[in-house]
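K.L.:
Just the structure for this:
(one chain, ligands or ions: 1)
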Amino acid sequence: MTPAARVQAAIDIVDEVIEAARTEGAPADRLVAAYFKARRYAGSKDRRAVRELVYSSIRACGPVPASGRAAMLRLAQLDEGLDPLFDGSAHGPQPIGETEEAAAGGLAPQWLVDALEASDVSGQDAAALMSRAPLDVRVNALKADRATIELPEAGEILAAPQGLRFESGTQVEQWEAWRDGLVEVQDHGSQLACMAAGAMPGETVVDLCAGAGGKTLSLAAMMDNSGTLIACDTDKRRLGNLQPRAEKAGAGMIEICLLDPGKELEMLADWHGKADAVLVDAPCSGTGTWRRKPEAKWRLTPDRLARFTQVQDRLLRIASELVRPGGRLVFVTCSLLDAEGKDRVATLLAEDQEWTRAGPDLPLGCVHGDGVRLSPALDGTDGFFVACLKKSC
Ligand SMILES: C[S@@+](CC[C@H](N)C(=O)[O-])C[C@H]1O[C@@H](n2cnc3c(N)ncnc32)[C@H](O)[C@@H]1O
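P.N.:
Residues are numbered from 1 along each chain as shown. Reported below is the predicted structural model:
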């Protein structure tokens, strides 16, 4: 592909990203992958360059742009090298019209910038949301140890007990250690959020929103594969990825439970009042993950945000039924919006007197409301809100 053709390819993909944001379609990484699956002629350098243009143009725009071309014109305002590539050459973008307008810059749509600011995220803290995330891994303590594992590259030692950091783009999936389940890719913030659960061998722990099991595998390692660990989710496809991952990680203790939405408590009747800890890694807007998924800022609307907060309240109520007297409820969202963090916990504490705040005591993060906030700017992690509550005996 010529450099100009790469720009046009990125424009076409950003058009799809914009449409997917409107219709709750596929995320940008899947759209990029699908684009190249249909164009086998593109080499690895083309793919890398186009991907870079797609993500840089998304990061460069605040509100949803009118088109992929408007987004690329915004990027061209910041990157002088792009302008001459609008040259009308074969497969390249048409020359820039005299009155043609670039999309607006900024962090995100204004309502979201305001909501972040009201949640104490502005200036450098907000700008860091559009930076690039490094690649963090967790050494799987069921099979290896950070102190002795041999990897193709030496990583930076992180505060989480088995965490290592590598440069963004490190091809971890090509390492033998990854193929053999000795390391898992997991953001440092996510590793720290698991620490908050304080899961110990022999305990009964419910991971209520396990998804594909990123945190479940962490919990199994903390529990040294002993005790009871129930991984639940309502999404069959995500949960379907957990079994092979657990096998690879040597985490034989995990019991998988596909829940029917609306019937969660009924289906978990055996565990009412029995769990030592319940982790609620709740569905959320993902504002804390914009470093990896910058297009998420275009997918969120006030309505969608309100729906997330309702689900979060519901999941907290389900979890509170499962925890035994004296047990722990850990609430996690990868969001920096108070509506999806401290406000949810404040609501539970106000409505239900049997809960009190109990930490979490993490090596990073700042106290925020009745929990801890991890932030890209201060902690170099994805943005998280993590709260740990204790049920009265
Ligand atoms: C933030 S993701 C979980 C990520 C996962 N814990 C990890 O570490 O990879 C939230 C999950 O909640 C699930 N979910 C949504 N509604 C649910 C419900 N009512 N009960 C259980 N899980 C639910 C979603 O399907 C999604 O997989």
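K.L.:
who's in contact with the closest residue to C61 other than its chain neighbours?
P.N.:
Nearest-residue entry for C61: A103, 4.6 Å, with adjacent residues in sequence omitted and distances by CB to CB, 6 or more residues apart in numbering. For glycine as for every other residue, the C-beta is placed from the backbone atoms N, C-alpha and C. The contact partners of A103, taken as CB atoms under 8 Å, 6 or more residues apart in numbering, are 61, 63, 65-66, 70-71, 73-74.
K.L.:
One more: A210?
P.N.:
A210 makes contacts with 216, 231-233, 238-239, 242, 256, 281, as judged by CB under 8 Å, 6+ apart.
K.L.:
Could you rerun that using 10 Å?
P.N.:
When the contact criterion is CB atoms under 10 Å, 6 or more residues apart in numbering, the partners of A210 are 216-217, 219, 229-233, 235, 238-239, 242, 254, 256-257, 279, 281.
K.L.:
same thing with E52?
P.N.:
Residues counted as contacts of E52 (CB under 10 Å, 6+ apart) are 6, 10.
K.L.:
Please report how far A377 lies from V323.
P.N.:
Distance of A377 to V323, computed by CB to CB, to the nearest Å: 33 Å.
K.L.:
Compare those two and say which is more crowded by neighbours.
P.N.:
V323 (25 against 16; other CB atoms under 10 Å).
K.L.:
how close does the more buried one sit to the ligand?
P.N.:
Distance from V323 to the ligand, counting by CB to the nearest ligand atom, to the nearest Å: 16 Å.
K.L.:
Strand partners (parallel or antiparallel) of the biggest strand by length in the chain?
P.N.:
When the chain is parsed with DSSP state E, its longest strand is strand 323-333. Looking at strand 323-333 with DSSP bridges, its partner strands are strand 275-281 (parallel), strand 384-391 (antiparallel).
K.L.:
Could you list the buried residues of that strand?
P.N.:
Buried residues in strand 323-333, counted by 16 or more other CB atoms under 10 Å: 323-324, 327-333.
K.L.:
Tell me which two of the residues you listed sit farthest apart.
P.N.:
Among the buried residues of strand 323-333, the pair separated by the greatest distance (CB to CB) is R324 and T333, at 24.0 Å.
K.L.:
how many neighbours does whichever residue of the stretch 1-150 of the chain sits closest to the ligand have?
P.N.:
Nearest residue of the stretch 1-150 of the chain to the ligand: R138, at 11.3 Å (CB to the nearest ligand atom). With neighbours defined by other CB under 10 Å, the count for R138 comes to 25.
K.L.:
Okay, I157 and the ligand: tell me how far apart.
P.N.:
Distance, I157 to the ligand, using CB to the nearest ligand atom: 22 Å.
K.L.:
And the pLDDT for the nearest residue to that residue once chain neighbours are set aside?
P.N.:
Spatial nearest neighbour of I157, chain neighbours left out: L164 (6.6 Å); criterion: CB to CB, 6+ apart. In this model, L164 is scored at 98, pLDDT.
K.L.:
Mind checking the pLDDT average for the longest strand of the chain?
P.N.:
Mean predicted confidence for strand 323-333 is 98.
K.L.:
Could you export it as CSV, CA atoms only?
P.N.:
Taking C-alpha atoms only, strand 323-333 is exported to CSV below (Å, rounded to 0.1, in the frame of the first residue of the first chain):
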residue,chain,number,x,y,z
VAL,A,323,-21.9,-12.9,51.1
ARG,A,324,-21.9,-14.7,54.5
PRO,A,325,-22.0,-12.7,57.8
GLY,A,326,-18.5,-11.2,58.2
GLY,A,327,-17.7,-11.7,54.6
ARG,A,328,-16.5,-9.3,51.9
LEU,A,329,-18.1,-7.6,48.9
VAL,A,330,-15.6,-6.1,46.4
PHE,A,331,-17.0,-3.7,43.8
VAL,A,332,-14.9,-2.8,40.8
THR,A,333,-15.5,-0.7,37.7
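K.L.:
Buried ones in the helix or strand just after it, by neighbour count?
P.N.:
Going down the chain from strand 323-333, the next helix or strand is helix 342-351, by DSSP states H and E. For helix 342-351, the buried set under the neighbour-count rule, 16+ other CB under 10 Å, comprises 342-345, 348-349.
K.L.:
from memory the residue nearest to I157 sits against W175, does it?
P.N.:
No. Shown here, L164 and W175 do not form a contact pair, counting by CB atoms under 10 Å, at 11.7 Å.
K.L.:
more crowded one of these two?
P.N.:
Taking neighbours as other CB under 10 Å, L164 and W175 compare with L164 leading, 22 against 16.
K.L.:
Just confirm that one is within a strand.
P.N.:
Yes. According to DSSP: H, G, I helix; E, B strand; the rest coil, L164 belongs to a strand.
K.L.:
Tell me the bridge partners for the residue of the stretch 1-150 of the chain closest to the ligand.
P.N.:
According to DSSP bridges, G163, E184 are recorded as the beta-bridge partners of R138.
K.L.:
OK, contacts around it?
P.N.:
Residues in contact with R138 (CB under 10 Å, 6+ apart) are 146, 158, 160-164, 183-188, 190-191, 194, 214, 217-218, 221.
K.L.:
The stretch 151-300 of the chain against the ligand: which residues are in contact?
P.N.:
Proximity of the stretch 151-300 of the chain to the ligand, by CB under 6 Å from any ligand atom, involves residues 208-212, 214-215, 232-235, 238, 259, 261, 264, 281, 283.
K.L.:
One more pass at 8 Å, please.
P.N.:
Counting by CB under 8 Å from any ligand atom, the stretch 151-300 of the chain comes close to the ligand at 186, 190, 207-216, 218, 232-235, 238-239, 259, 261-262, 264, 279, 281-284, 286.
K.L.:
And for A115, the neighbour number?
P.N.:
Around A115 there are 21 other residues, counting by other CB under 10 Å.
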